[in-house]
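1. Sequence plus the predicted model coming up.
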Amino acid sequence: MATETQSADAAAEGSSLVFHPMDQFIVKPLFSDGPVGMFTITNVTLWMALTVVAIIALLVLATSKRAVVPSRGQSIAELAYGFVYTMVEDVAGKDGVKYFPMIMTLFMFIVMANMLGLLPGAFTTTSHIAVTAVMAMAVFLFVTILGFWKNGLGFLSVFWISSAPLVLRPILALIEVISYFVRPVSHSIRLAGNMMAGHAVIKVFAAFAALLAISPFAILAITAIYALELLVAFIQAYVFAILTCVYLKDALHPHH
């Protein structure tokens, strides 16, 4: 019995069905095999740096020689700029336009990190809660400080639903306070969860593609999921940015 069990385990280890879709999210040191410390340069560090380089290449280098008839790079940069600017103006209002650089930076970093993460062998930095939580917490602290700086204690009116019946206002206020402090949690988990789930599914279908009997179907599935992930990569950046605009609007106009 023990021999049969060992044989089964050995067969499973050698089988193409043995795969670990979550291994792609492991943080590894680049220049050593030791543990990851606070200042260790890892694959996360590398791909975050590549994301910044890609953004600079698109927004700075591609637009350095601007022309009436734009190049492809200039066209993409101008489309991104106009898209985010319109979003900020429409959601946060004219007063929110002065904070456009911050939201543009967030959007470009997330969308570029998401897109680079779809390259074969790449590491998706936005699949890690440690990365998305830092961005979400930065947004949360910024809009909270801005709200008190602009409105003083009047910022607390964002929790008080004056249009509701008086007897319900304290209950609604408590719900609003809880909802407000949950914002950075939902803001970060939504992005990391969606990116991690999509990449894990791609890895699962890629493992099944090794089986000749079902490889055509697996390849079709991978192609479809990959196309979907391209859309998700953009949508998640858009959702993160537009929620930031909504929070910014609350900070600038808490009475609305």
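-> Nice, thanks for sending it over. Here the structure is a predicted model, which is why all the values come from computation and not from measurement. Numbers count the residues shown, from 1 in each chain.
2. For the host helix or strand of A221, enumerate the helices and strands it packs against.
-> Assessed by DSSP states H and E, A221 sits inside helix 215-252. Here helix 215-252 touches helix 72-92, helix 100-116, helix 129-151, helix 169-208, going by 3 or more CB pairs under 8 Å, 6 or more residues apart in numbering; DSSP states H and E. (C-beta placed from N, C-alpha, C; glycine too.)
3. need those helices in a markdown table with mean pLDDT, mean neighbour count and distance to I55, can you?
-> Shown next, in a markdown table, are the helices and strands packed on helix 215-252 (pLDDT from 0 to 100; neighbours: other CB atoms under 10 Å; distance: least, CB to CB, whole Å):
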| stretch | mean pLDDT | mean neighbour count | distance to I55 |
| --- | --- | --- | --- |
| helix 72-92 | 93 | 16 | 10 |
| helix 100-116 | 95 | 21 | 5 |
| helix 129-151 | 94 | 17 | 14 |
| helix 169-208 | 88 | 16 | 17 |
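4. Same list (those helices) but as JSON lines, adding distance to T223.
-> Formatted as JSON lines, the helices and strands packed on helix 215-252 follow (distance: least, CB to CB, whole Å):
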{"stretch": "helix 72-92", "distance to T223": "24"}
{"stretch": "helix 100-116", "distance to T223": "17"}
{"stretch": "helix 129-151", "distance to T223": "27"}
{"stretch": "helix 169-208", "distance to T223": "10"}
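5. who's in contact with the residue nearest to the spatial centre of the chain?
-> Nearest to the mean C-alpha position of the chain, counting by CA atoms, centre = their mean, stands L191 at 4.0 Å. Residues in contact with L191 (CB atoms under 8 Å, 6 or more residues apart in numbering) are 110, 126, 132, 236, 239-240.
6. quick check, nearest of the residues you listed to A77?
-> I110 (16.3 Å; CB to CB).
7. my guess is the closest one meets F240, correct?
-> Yes - with contact defined as CB atoms under 8 Å, I110 counts as touching F240 (5.5 Å).
8. tell me, what's touching these two both at once?
-> Common contacts of I110 and F240 (CB under 8 Å, 6+ apart): 135, 191.
9. List the contacts of the residue lying closest to the residue nearest to the centre of the chain once chain neighbours are set aside.
-> Computed as CB to CB, 6 or more residues apart in numbering, the closest residue to L191 that is not its neighbour in sequence is T132, at 4.6 Å. Residues in contact with T132 (CB under 8 Å, 6+ apart) are 126, 187-189, 191-192.
10. Which positions within stretch 48-56 qualify as buried?
-> 48, 50-51, 54-55 (16 or more other CB atoms under 10 Å).
11. Adding distance to K65, secondary structure and pLDDT as columns, could you present those in TSV?
-> Output for these, formatted as TSV (distance: CB to CB, whole Å; DSSP: H, G, I helix; E, B strand; the rest coil; pLDDT from 0 to 100):
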residue	distance to K65	secondary structure	pLDDT
M48	28	helix	94
L50	24	helix	95
T51	24	helix	95
A54	19	helix	94
I55	18	helix	94
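12. Just put the residues you listed in JSON lines and tack on distance to V84.
-> Listed next are the buried residues of stretch 48-56 as JSON lines, based on distance: CB to CB, whole Å:
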{"residue": "M48", "distance to V84": "20"}
{"residue": "L50", "distance to V84": "22"}
{"residue": "T51", "distance to V84": "17"}
{"residue": "A54", "distance to V84": "17"}
{"residue": "I55", "distance to V84": "13"}
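13. So M38: helix, strand or coil?
-> coil (DSSP: H, G, I helix; E, B strand; the rest coil).
14. Any figure for the gap between it and T45?
-> 12 Å (CB to CB, to the nearest Å).
15. Who has more neighbours out of those two?
-> Applying other CB atoms under 10 Å to M38 and T45 shows that T45 carries more neighbours, namely 16 against 4.
16. Q24 is in contact with K203, correct?
-> Yes - under the criterion of CB under 8 Å, K203 makes contact with Q24 at 6.2 Å.
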